[in-house]
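# quick one, structure for this:
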Amino acid sequence: MPGTVVLNLLEMIAMQTQIQNRADGPQSVASAPLLKKRLRVLHVVSCLGMGGTEHGVLKIIKALGGEEFEHHICAVRSVDENFTQRMNTAATVSTVGNSRPGFQFPLFRLARLMRHMHPHIVHTRNFGALEAIPAAQLANIPIRIHSEHGYELESLEGLPFRRRVLCRAFYALADEVFTVSNELRDYHSKQAWRRPERIRVLYNGVNTEQFSPRPECAAPVRSEFAIPSGRIVIGTVGRIVPIKDHKTLLEASEILIRAGRNIHVLIVGSGPELPRLQERAAASAELEGRVTFLGSSDRIPELLNAMDIFALPSVSEGMSNTILEAMSTGLPLVVTRAGGNPELVEDGHVGSLFPTRDVPAFAATLSRLVDSPALRSEYGRAARRRAMEKFSLVDMVRNYRDLYREMATRHNVWKGL
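All right, here's what the predicted structure looks like:
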């Protein structure tokens, strides 16, 4: 059976990895020398589109710079042309698969690519790129790192048994596994039968200079998109996919409008659910003329500054970059009590949390902020402070740099540099 062959192969690779790890032994990261050459890092993702994980990869590549590191990106399945046009980095981009649905397992194609590139570090992200871990072992890549960044809607109640077995086996081949929130670490430790202390947590970070309060942006943006003055703008940013549950935002907004609240909904993002949402808004008497769909945009800092309240009704989240960006912009937040959201948004301090898919609770929470400019201002100031103190891009980049250098020291990569 193909599955048995794969598992047997994994067992052989795992044994080789354990032997090699014992032979290498741990070393102190403090002994890392100054680089003569750069550490080559191959970042592997399932697909290259415009999602949060892909943006996170670009953020890390750009912030780490080219003096210490040489970056390459590989998509296991497909590359969106829009991604390569917007990436604005010196990293190379490759792919080994295609966008056709169904099972793909390009293990040996990945291994060939790695032998050609000779990276020192292969960093895979999420389940869709997991096969790059055994491929890195086959290609004799010194360092293998895997990270988990979020959820899929169908996996919220747990992973299928076959996926749990694969995660268990592939995580064992990685030198380090981390997640972007404590909640996500606990989830994956249970799913992969791995002790929580064997999974690190590296929080996402936000560029607090790029995303900062700029009140002067609000009026021009609202005028550009014909949002009448005087309306309280409730906005959201992200992929238009089922797990983000934008429908709940529209339903809560209908309640507010029926109650006489003068609001406008601004939805930024694209995805398969967009046509359905547009139809839903067009069919609503309350929402007529009060919802603006902007699609994807590279003007997120401006658009956030045009909002009064940031809302995110997601069914689940790993560590939401858009929440961080809204916090850094100084916006009050109303988000679901799901995934890593409570680790970002302190309820009653920088915003409010509500249960997933609870439309009345969502509407009531939004209503309090709509009615109170003072509370919006208080939450917004606190959100900005928290982003700067706890979730800065500087801290995130330092954590990634330290991890890469620690692994390079542990595996004696410095000898070849």
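
# pLDDT value on Y151, please?
According to the prediction, Y151 has pLDDT 82.

# close enough to count as contact, it and N341?
No. Counting by CB atoms under 8 Å, Y151 stays clear of N341, with 11.8 Å between them. Any C-beta I mention is one placed from the backbone N, CA and C, and that applies to glycine too.

# which one of those two is surrounded by more residues?
Under the neighbour definition other CB atoms under 10 Å, Y151 and N341 were set side by side, and N341 has more, 25 against 21.

# touching both of Y151 and N341, which residues are there?
E317 (CB atoms under 8 Å, 6 or more residues apart in numbering).

# now do the domain split for this protein, please.
Domain assignment for the chain by automatic domain parsing gives 7-205+394-416, 215-391.

# chain center to stretch 409-417: distance?
30 Å (CA atoms, centre = their mean, to the nearest Å).

# kindly export that stretch (C-alpha atoms) in PDB.
Coordinates of each C-alpha in stretch 409-417 appear next as PDB, following Å, rounded to 0.1, in the frame of the first residue of the first chain:
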ATOM      1  CA  THR A 409      25.300  26.500  16.000                       C
ATOM      2  CA  ARG A 410      23.800  23.300  17.200                       C
ATOM      3  CA  HIS A 411      24.400  21.600  13.800                       C
ATOM      4  CA  ASN A 412      27.900  23.000  13.200                       C
ATOM      5  CA  VAL A 413      26.900  24.900  10.100                       C
ATOM      6  CA  TRP A 414      29.300  27.700  10.900                       C
ATOM      7  CA  LYS A 415      32.200  25.400   9.900                       C
ATOM      8  CA  GLY A 416      31.200  25.700   6.200                       C
ATOM      9  CA  LEU A 417      30.800  29.500   6.300                       C
END
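
# how about the helices in the stretch 301-417 of the chain?
321-329, 341-344, 359-371, 373-390, 393-410 (DSSP state H, counting those that start in this stretch).

# closest to H118 out of these?
helix 393-410 (14.2 Å; CB to CB).

# mind listing what's buried along that closest one?
393, 396-397, 399-401, 403-410 (16 or more other CB atoms under 10 Å).

# and that helix, what does it pack onto?
Helix 393-410 is packed against strand 39-48, helix 52-64, strand 121-125, strand 143-148, strand 176-179, with contacts defined by 3 or more CB pairs under 8 Å, 6 or more residues apart in numbering; DSSP states H and E.

# and these, which one's lowest on average pLDDT?
helix 52-64 (a mean of 84).

# lowest mean pLDDT among the helices and strands, pick that one out for this protein.
Across the helices and strands of the chain, mean pLDDT, DSSP states H and E gives its lowest value to helix 2-24, namely a mean of 45.

# among the helices and strands packed on helix 393-410, which is nearest V233?
helix 52-64 (22.5 Å).

# of all the helices and strands packed on helix 393-410, which one is nearest P220?
helix 52-64 (25.1 Å).

# relative to strand 39-48, how tilted is that closest one?
Relative orientation of helix 52-64 and strand 39-48, computed by axes from the mean of the first three to the mean of the last three CA atoms, to 10 degrees: 160 degrees.

# returning to what we had before: got the helices of the stretch 301-417 of the chain as a markdown table, with mean pLDDT columns?
Below are the helices of the stretch 301-417 of the chain laid out as a markdown table (pLDDT from 0 to 100):
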| stretch | mean pLDDT |
| --- | --- |
| helix 321-329 | 97 |
| helix 341-344 | 96 |
| helix 359-371 | 98 |
| helix 373-390 | 98 |
| helix 393-410 | 95 |
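
# okay, those helices in CSV with distance to E209 next?
Shown next, in CSV, are these (distance: least, CB to CB, whole Å):
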stretch, distance to E209
helix 321-329, 9
helix 341-344, 19
helix 359-371, 26
helix 373-390, 10
helix 393-410, 9
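
# wait, H146 touches F127, no?
No. Counting by CB under 8 Å, H146 sits too far from F127 to count as a contact (9.6 Å).

# for those two, indicate the residue with more neighbours.
Shown here are H146 and F127; by other CB under 10 Å, H146 has more neighbours (28 against 18).

# quick one: contacts for the more buried one?
Listed by CB under 8 Å, 6+ apart, the contact set of H146 reads H123, T124, R125, L130, I133, F170, Y171, A174, E176, V177, F178.

# can you map out the strands along the stretch 201-350 of the chain?
232-237, 263-268, 291-295, 309-312, 333-336 (DSSP state E, counting those that start in this stretch).

# and the last one, which strands flank it?
Right, strand 333-336. Strands flanking strand 333-336 in the sheet, each with its direction: strand 309-312 (parallel), strand 351-354 (parallel) (DSSP bridges).

# and the ones you listed, which is most packed in?
Comparing the strands paired with strand 333-336 by mean neighbour count (mean count of other CB atoms under 10 Å), strand 309-312 comes out on top with a mean of 26.

# about what we covered before: among the helices of the stretch 301-417 of the chain, which comes closest to R38?
Here helix 393-410 is closest among the helices of the stretch 301-417 of the chain (CB to CB), at 10.9 Å.

# which of the helices and strands packed on helix 393-410 is buried the deepest?
Taking mean count of other CB under 10 Å, strand 121-125 is the most buried of those, at a mean of 27.

# so which of the strands paired with strand 333-336 gets nearest S297?
Counting by CB to CB, and looking across all of the strands paired with strand 333-336, nearest comes strand 309-312 at 15.2 Å.

# thank you kindly, that will do.
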